[in-house]
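1. next come a sequence and a model predicted from it.
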Amino acid sequence: MSDDASEFYSACDCCRTRKYKCTKEKPTCAPCLQLDLECNYSRKASRTPLTRNNLTAAEDRVRDLETTIKALFPGVDIETVLSSTIRPSENASVKTNVAASPSSKLSPSSREASHEAEATSESLPQAADGFDWTENAVSLNELADGMAALSVNPEGAGYLGATSSVVPLRALLSRERDGDQQAFSSPSWHSQSMFSDLFPMSLPFSNISENTFVDAYFRYYHTTYPFLHEPLFRAQLQGKSPRPEGNSWTILYNAVLALGAWCIGDDESVMDDFFYRKVARISEESSIFESGNLAMVQALLLLSNYAQKRNRPNTGWNYLGLAVRMALSLGLHKEFPNWEITHLQREMRRRVWWGLFVFDSGASITFGRPVLLPERGIMDASPVLNIHEESLTSHTNILPDELPYPTAYTGLISQSLFHLETNSLHHRLISTPYPLPEELLSLNQIIETWENSIPPYFQLDSPIIHASEAFLFARYRLDWRSWNLQIILFRPVVLQLAGRRKQAELSAVPETSEELACREKCIQSARATINSISDFVATGMVSRLSTWYMLYFLFQAGLVPIICLLTDPTHPDSILWLNDIRTTRDLLSRTALTNRLAERCLSVFNRLSPALDSGLSEDLGLGMWEGNFADEFLNDQFGGDMGAWDWENGEINWTM
């Protein structure tokens, strides 16, 4: 094919993308030369003439391809594959910035209205079915991640509300172009292989005993989430104790195997998925909706967490919802003090209920959705006892005394109390009108009061905490969770103040002392999280499970100093913010060596934190961050239409 000039676009790719006036020089036009961008002139798309011969040839080729796919993958439904792969690309071709009322300039009289507008405007998909989601094995939907931190495009990921992890990223990256959107949805991250592990029919490595995965479950997962009674479970496994009726125990057993395999596996492993698929086949053979018992609630609880860890967040959400309904049908939320059951049976009901309470509360915060659990006055289940597991058996007649030091249940007890106190706070944050800064500061006192209630023996300065990997992780994670809620609480104010950064030239509304206090508390919570995770990594007690939670809390915390530094580079604390960014990036870099999700988080983080390796960044006074640097950087990284930052009106546009 000849290189006729008519076959190429007259304007370069950068100028067409950013809507600059291209001067058409070659090899580099003036705008690209000035901005130091790579200047390319793309060939125009070649379109095949719509003739009968060409159409017949295309039909024949499609028919041949369908025949080949059916021969290679007889169990795959082609229509299902098409519906799960074509829809994202169709949606990606449509800009997601739904029409919204233009924002008006802030004034003292409109300050309250602006805060309300921030909370009520949410990222909406283009189509009426845009919140629909698919997370089956053949889905190529890379938008979903279990942390709800990278689902920038609202299409196909389910509803993610105001407290969800992705809110600050969406605020930064709304109205992204197709090419930039794809950079945050790398197929290599989510789809390890499209068909290879869809239908595993036998254990991938026959020389590995299932007992290995049972041991891994109780070694790594059970010490964090003690929802089973290990002696009873092992007795049932060995046939020494009766199992529950129906298929509930088989489903529970495979859920345990799946989580155990996940805990000791890596991103290349398929063993955990093998056991998860066995659960799906059992569910197909007999309905799990037509019976209910404690073992089934335990199984659904574990499956919900497994699905989230494997980046099927909405699938996990559904498992969790079914577990809540079944638990309520079994009266797990009630104590029934006159019920003549064994101490172990009563305690197991409590452990499962409070485990469910913790999971549902945490997932609701993660996804920005309402907590569906009953209010405190409706449930009267007693707290879990702080005792050693072996001190309570089916033959125990007298309850053991609670212990004044950490046990396997201390973390569960502390986290359940945390959510008991703060679920009302979460509901306030997802309600309208959105609270003003004064109310946010008042709500924060709920968190601070809870922090002061943590017993002395469960503080980080307690020697017994550092003697156990499980105790140490539980205690660190409790801090991360508390700081994360404070970040969520004050993050809208940080975004609001960031959006007003140019108002000094336009009669800006001065920040109130309450707004500045909110921003400072958000920054402090983010810094505390980053430093705490750095300290935890330094202990060397890091597992795959703890790594998942580290990423969840670290990524959200790390975005806070980036927003502050990009929008207020001359602030006296800018050096501290830069150090926070560096620490976050270093932690992500180390984790990304063996973790695909960390690699994806690092990629996003690096694109948002410019020139950290530059010598200029050592001295912010040299002007690197001054003037229009933030505008130029954001436009350069994400295309010239950063609609989220409405600089002229000084406020964040929350719609996409």
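-> Yep, it's here.
2. let me see the mean pLDDT of the helix or strand where Leu252 lies.
-> Using DSSP states H and E, Leu252 maps to helix 248-264. Helix 248-264 carries an average pLDDT of 96.
3. list the buried residues of the helix or strand that it is followed by.
-> Later in the chain than helix 248-264, the nearest helix or strand by DSSP H and E is helix 271-285. Neighbour counts over helix 271-285 (16 or more other CB atoms under 10 Å) mark 271-279 as buried. Every residue, glycine included, has its C-beta placed from N, CA and C.
4. likewise for stretch 408-419?
-> 408-416, 418-419.
5. got a list of contacts for it?
-> Stretch 408-419 is contacted by residues 222-226, 351, 354-355, 357-358, 361-362, 383-389, 450, 453-454, 458, 470-471, 474-475, 477-478, 481-482 when judged by CB atoms under 8 Å, 6 or more residues apart in numbering.
6. of those residues, buried ones?
-> Neighbour counting with 16+ other CB under 10 Å marks 222-226, 351, 354-355, 357-358, 361-362, 384-387, 389, 450, 454, 458, 470-471, 474-475, 477-478, 481-482 as buried within the contacts of stretch 408-419.
7. so what does the helix holding Leu252 touch, helix or strand wise?
-> Packing contacts for helix 248-264, counted by 3 or more CB pairs under 8 Å, 6 or more residues apart in numbering; DSSP states H and E, involve helix 210-216, helix 230-237, helix 271-285, helix 294-309, helix 544-567.
8. can you show me the strands along the protein?
-> For the chain, the strands defined by DSSP state E cover 645-646, 651-652.
9. isn't Glu347 up against Ser391?
-> No. If you go by CB atoms under 8 Å, Glu347 and Ser391 don't touch, sitting 10.6 Å apart.
10. what's the domain layout of the chain?
-> According to automatic domain parsing, the chain is divided into the following domains: 1-47, 49-94.
11. mean pLDDT for those domains: which is lowest?
-> Among the domains of the chain, domain 49-94 carries the lowest mean pLDDT (a mean of 63).
12. quick one on the thing from earlier: need the buried residues of stretch 408-419 in JSON lines (columns: distance to Asn211 and pLDDT).
-> Formatted as JSON lines, the buried residues of stretch 408-419 follow (distance: CB to CB, whole Å; pLDDT from 0 to 100):
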{"residue": "Ala408", "distance to Asn211": "21", "pLDDT": "95"}
{"residue": "Tyr409", "distance to Asn211": "25", "pLDDT": "97"}
{"residue": "Thr410", "distance to Asn211": "28", "pLDDT": "97"}
{"residue": "Gly411", "distance to Asn211": "26", "pLDDT": "96"}
{"residue": "Leu412", "distance to Asn211": "26", "pLDDT": "97"}
{"residue": "Ile413", "distance to Asn211": "30", "pLDDT": "97"}
{"residue": "Ser414", "distance to Asn211": "32", "pLDDT": "97"}
{"residue": "Gln415", "distance to Asn211": "30", "pLDDT": "97"}
{"residue": "Ser416", "distance to Asn211": "31", "pLDDT": "97"}
{"residue": "Phe418", "distance to Asn211": "35", "pLDDT": "97"}
{"residue": "His419", "distance to Asn211": "34", "pLDDT": "96"}
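13. turn these into TSV, including distance to Leu37.
-> Shown next, in TSV, are the buried residues of stretch 408-419 (distance: CB to CB, whole Å):
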residue	distance to Leu37
Ala408	56
Tyr409	58
Thr410	55
Gly411	51
Leu412	53
Ile413	56
Ser414	52
Gln415	49
Ser416	53
Phe418	49
His419	49
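14. now, which of the residues you listed sits nearest Gln445?
-> Phe418 (14.5 Å; CB to CB).
15. distance of the closest one relative to Ser287?
-> 36 Å (CB to CB, to the nearest Å).
16. could you check the pLDDT of Arg270?
-> Actually, residue 270 is Val. It isn't Arg. So Val270 comes in at 84 (pLDDT).
17. quick check: phi and psi at it.
-> In terms of degrees, to the nearest 10, the main-chain angles of Val270 are phi -120, psi 0.
18. number of residues surrounding it?
-> Residue neighbour count, defined by other CB atoms under 10 Å, stands at 16 for Val270.
19. what about the helices in the stretch 401-550 of the chain?
-> 410-429, 437-452, 463-466, 469-499, 513-538, 544-567 (DSSP state H, counting those that start in this stretch).
20. of all the ones you listed, which lies closest to Asp64?
-> So among the helices of the stretch 401-550 of the chain, helix 544-567 is nearest, using CB to CB, at 43.2 Å.
21. elements contacting the closest one?
-> Looks like helix 544-567 contacts helix 167-173, helix 248-264, helix 469-499, helix 513-538, helix 574-592, helix 596-608, helix 629-638 (3+ CB pairs under 8 Å, 6+ apart).
22. closest to Val62 out of those?
-> Among these, helix 596-608 sits nearest to Val62 (CB to CB), with 33.1 Å.
23. Phe536: what's its closest spatial neighbour, skipping adjacent residues?
-> Once flanking residues are discounted, Phe536 sits nearest to Tyr476: 4.8 Å by CB to CB, 6 or more residues apart in numbering.
24. okay, now the one you found: neighbour count?
-> Counted with other CB under 10 Å, Tyr476 comes out at 22.
25. wait, what's in contact with it?
-> 460, 532-533, 535-536.
26. and Asn452, by the same measure?
-> Neighbours of Asn452 in contact, by CB under 8 Å, 6+ apart: none.
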